[in-house]
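Peer 1: Turn this into a model:
(2 chains)
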Amino acid sequence: MSEDALSGLRPNVAPLPRLGFTMQLQKVGLNATLLSGLVLLGIVMVAAAAAPLLTPYDPIAQSLGDAFQPPFSPDHVLGTDNFGRDIWSRIVYSARLDLQIALISVLFPFVFGGLVGIATGYVGGRLETLFMRIVDVLMAFPFFVLVVAIMSILGPGLINLYIAVGIVGWVPYARLTRGETMAARNLEYVQAARTIGCTTTRIMLRHILPNVIAPAMVYVFTGMVLAIVTGATLSFLGLGPQPPTPEWGAMIAAGRQFLMNGWWMTALPGVALLIVGVALSLIGDGLADRR
Amino acid sequence: MGRASYIRKRLFLMVFVLFGVTILIFSMVHFLPGDPAAVLLGERATVENTAILREQLGLNRPLFEQYWLFVSGLVRGQMGTSLVFKQPVNELVLSRVPISIGLAVYAMGIAAVVTLVFGLLAAVNKGRWLDQLIRIVFMFVLTTPSFWFGILLILVLALGLKWFPVAGFGATFQEHIWYLFLPAITLALQLSAVLIRNLRSQVIHTMGSDFARTARAKGLPERLVLLRHVLRNAVLSTVTIFGLQFGFLMGGTLVIETVFAVPGMGQLLFTSITSRDYPVVQAITVVSAVLVIIVNLIVDISYSFLDPRVTYE
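Peer 2: Residues are numbered from 1 along each chain as shown, chains lettered A, B, ... in the order given. Next comes the predicted model:
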């Protein structure tokens, strides 16, 4: 029996429109920007986690006889540096450190800034005035200069980097949640909570917090980009993790004196940095579009 | 509130913020873990040596007295003596301030041009491929670490094509412009990446407004509607962002100076950190904070000149 013979028997109803790919994404709360960012970041995270499986060489093992191999050499896919260390291995191992910097550098600012923002936005009064003055002062400094100045006193190193970024970095989170909290302060659900006698702490943490935290969570990804670039810059300037630890910023710095005979030493770690930065930016933009 | 009383109020606030800035910088040295004297001595830090140096630096005096000395020194323009150069810090720092400001202003000039061109192009071509291209390119620019981008420019444009000098500063004004072009464009591209987004959305928003429709209805060519009517109104919020970004520009300037060996504050800052010359670090931190405060004040005041409708409340 041919198709044509059957067609007359079918009820003449237009088929349901098939959802396009983008619409299917939107149904699960994703958009193209967010998805591409998540995929990109996922790849980097898997690579970082599986570093020993993906890298044929020890990232800090020197082999002076193999120095300055260009990319796509038979044994070293991204070439070697001035100590003959495999650049691919160093870049992949460094991803562990740089992702850790991104994560830890936003953790304290997010938690502390968020709590300060809710407390000052809800309670108001003297607390808020004091807070606004502190913010005014911190905002007067160029972010990077203040971080560097703090690190000059603490000394170089990863822990001190976290401390310095933590002291300076909570301000945007606090401002974001404070603004949201002030808008939510007199909404019905907060009044209701107050009427049934919830304590101030309970209202702030159980009622207001879940409703005001979203903008700060979106900002986390912008903060991570900032943290990764700040961390790499500090380590470029010799204030970060100390050699021979592989770190992208430090690798770029080390390659600077060999620009003429080993451009890949400088160029390639920057590409890695760029990929992570773009992934995080895409996630941040995608989340912001969703709201 | 009139403009004059607004300025007076802002100046009063500025004094307050400056007070806070000195408190913060002062407490940084005194309350953060890590004894500057011990850090300064490094491996030579025996108990006796540290005690002697603390005495010399005045670290053993009462806190209040130390703060008073610090602030009264600042007011008189004395910021101590460099531990490395054995030279008054203010001479050392102030001679470099114009170079850093010059570089920052140069970058701002380029950024303004780039922002106007690409912001308008993106807005006019909203949703088309050119808009998408500009969005993607500048997203990459925004996430690129400036020091790395600067090195790539050196690699390609200075070492490879030999169009620009690799590093340095030059002697005459023309040479300054020439030598500082690569560092300035590095800073400018990042700055405009932020500004283009803002200008694009503002222009798109303003193009839908009543006065733009009126201008079109009376038969003005689209180009004039855009440049005379829309742009003037759209640019105001971009100027605000410009002011807010100055802090980032300042930080970026200091870093990029080390990449291109520009003898400004940045270069001094990072050699001072390596040599643990903390009076110099303190002074540069103060100076850059003061610069940010002044620029933000200028931006706030300039609104009323850009847009006569702005009133201060």
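Peer 1: How much space separates B:Val29 from chain A?
Peer 2: Distance, B:Val29 to chain A, using C-beta to the nearest C-beta, to the nearest Å: 6 Å. All C-beta spots, glycine's among them, are computed from the backbone N, C-alpha and C.
Peer 1: you'd agree that residue is up against A:Ile153?
Peer 2: Yes. Shown here, B:Val29 and A:Ile153 form a contact pair, counting by C-beta atoms under 8 Å, at 6.1 Å.
Peer 1: Pick out the residue nearest the middle of the chain.
Peer 2: Because you didn't say which chain, this covers chain A. Geometric centre of chain A, nearest residue: A:Met224, 2.8 Å, by C-alpha atoms, centre = their mean.
Peer 1: wait, chain B
Peer 2: Taking C-alpha atoms, centre = their mean, the centroid of chain B lies closest to B:Met250, which sits 2.2 Å from it.
Peer 1: Which secondary structure element is home to that residue?
Peer 2: Assigned by DSSP states H and E, B:Met250 belongs to helix B:246-260.
Peer 1: Alpha carbons of that helix, as CSV, please.
Peer 2: Taking C-alpha atoms only, helix B:246-260 is exported to CSV below (Å, rounded to 0.1, in the frame of the first residue of the first chain):
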residue,chain,number,x,y,z
PHE,B,246,38.8,54.7,36.3
GLY,B,247,39.9,52.7,39.2
PHE,B,248,40.4,49.7,37.0
LEU,B,249,42.1,51.8,34.4
MET,B,250,44.5,53.0,37.1
GLY,B,251,45.3,49.5,38.2
GLY,B,252,45.7,48.4,34.6
THR,B,253,48.0,51.3,33.9
LEU,B,254,50.3,50.3,36.7
VAL,B,255,50.5,46.7,35.5
ILE,B,256,51.0,47.6,31.8
GLU,B,257,53.8,50.0,32.7
THR,B,258,55.8,47.0,33.9
VAL,B,259,55.2,45.1,30.6
PHE,B,260,56.3,48.0,28.4
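Peer 1: any idea of the mean pLDDT in that helix?
Peer 2: In this model, helix B:246-260 has an average pLDDT of 89.
Peer 1: From the contact counts, what lies against that helix?
Peer 2: If you count contacts as 3 or more C-beta pairs under 8 Å, 6 or more residues apart in numbering or on different chains; DSSP states H and E, helix B:246-260 packs onto helix A:143-154, helix B:97-124, helix B:146-153, helix B:181-207, helix B:265-274, helix B:278-306.
Peer 1: Is it possible to get JSON lines of these that adds mean pLDDT?
Peer 2: As requested, these are exported to JSON lines (pLDDT from 0 to 100):
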{"stretch": "helix A:143-154", "mean pLDDT": "86"}
{"stretch": "helix B:97-124", "mean pLDDT": "92"}
{"stretch": "helix B:146-153", "mean pLDDT": "90"}
{"stretch": "helix B:181-207", "mean pLDDT": "90"}
{"stretch": "helix B:265-274", "mean pLDDT": "86"}
{"stretch": "helix B:278-306", "mean pLDDT": "83"}
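Peer 1: Could you dump these into a markdown table with distance to A:Leu234 and mean neighbour count added?
Peer 2: Listed next are the helices and strands packed on helix B:246-260 as a markdown table, based on distance: least, C-beta to C-beta, whole Å; neighbours: other C-beta atoms under 10 Å in any protein chain shown:
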| stretch | distance to A:Leu234 | mean neighbour count |
| --- | --- | --- |
| helix A:143-154 | 7 | 24 |
| helix B:97-124 | 19 | 20 |
| helix B:146-153 | 11 | 22 |
| helix B:181-207 | 17 | 23 |
| helix B:265-274 | 10 | 23 |
| helix B:278-306 | 14 | 20 |
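Peer 1: right, so of those helices, which gets closest to A:Val271?
Peer 2: Closest to A:Val271 of the helices and strands packed on helix B:246-260, according to C-beta to C-beta: helix B:146-153, at 9.1 Å.
Peer 1: how distant is that closest one from the center of its chain?
Peer 2: 18 Å (C-alpha atoms, centre = their mean, to the nearest Å).
Peer 1: Quick check: next helix or strand after it?
Peer 2: Using DSSP H and E, the helix or strand that follows helix B:146-153 in sequence is helix B:173-179.
Peer 1: Name the residues that touch that following helix?
Peer 2: For helix B:173-179, the surrounding residues in contact (C-beta atoms under 8 Å, 6 or more residues apart in numbering or on different chains) are B:Gly102, B:Tyr106, B:Phe164, B:Pro165, B:Gly168, B:Phe169, B:Gly170, B:Val262.
Peer 1: do the same with stretch A:221-231
Peer 2: Stretch A:221-231 is contacted from outside by A:98, A:101-103, A:105-106, A:109-110, A:143-144, A:147, A:161, A:165, A:169, A:172-173, A:240, A:247, A:249, A:273, A:276-277, A:280-281, A:283-284, A:287, B:143, B:145, using C-beta under 8 Å, 6+ apart.
Peer 1: could you give the mean pLDDT of that stretch?
Peer 2: Stretch A:221-231 comes out at a mean pLDDT of 89.
Peer 1: Kindly report the same for stretch B:227-237.
Peer 2: Mean predicted confidence for stretch B:227-237 is 84.
Peer 1: For A:Val165, which residues are in contact?
Peer 2: A:Ser105, A:Pro109, A:Val147, A:Ala227, A:Thr230, A:Gly231.
Peer 1: secondary structure element for it?
Peer 2: Using DSSP H and E, A:Val165 falls in helix A:158-169.
Peer 1: Give me the distance from that helix to the chain's centre.
Peer 2: With C-alpha atoms, centre = their mean, you get 15 Å for helix A:158-169.
Peer 1: Apart from its neighbours in sequence, what residue is nearest the residue of the stretch 101-250 of chain B found nearest chain A?
Peer 2: Closest residue of the stretch 101-250 of chain B to chain A, C-beta to the nearest C-beta: B:Thr143 (3.2 Å). Nearest non-adjacent residue to B:Thr143, counting by C-beta to C-beta, 6 or more residues apart in numbering or on different chains: A:Gly277, 3.2 Å away.
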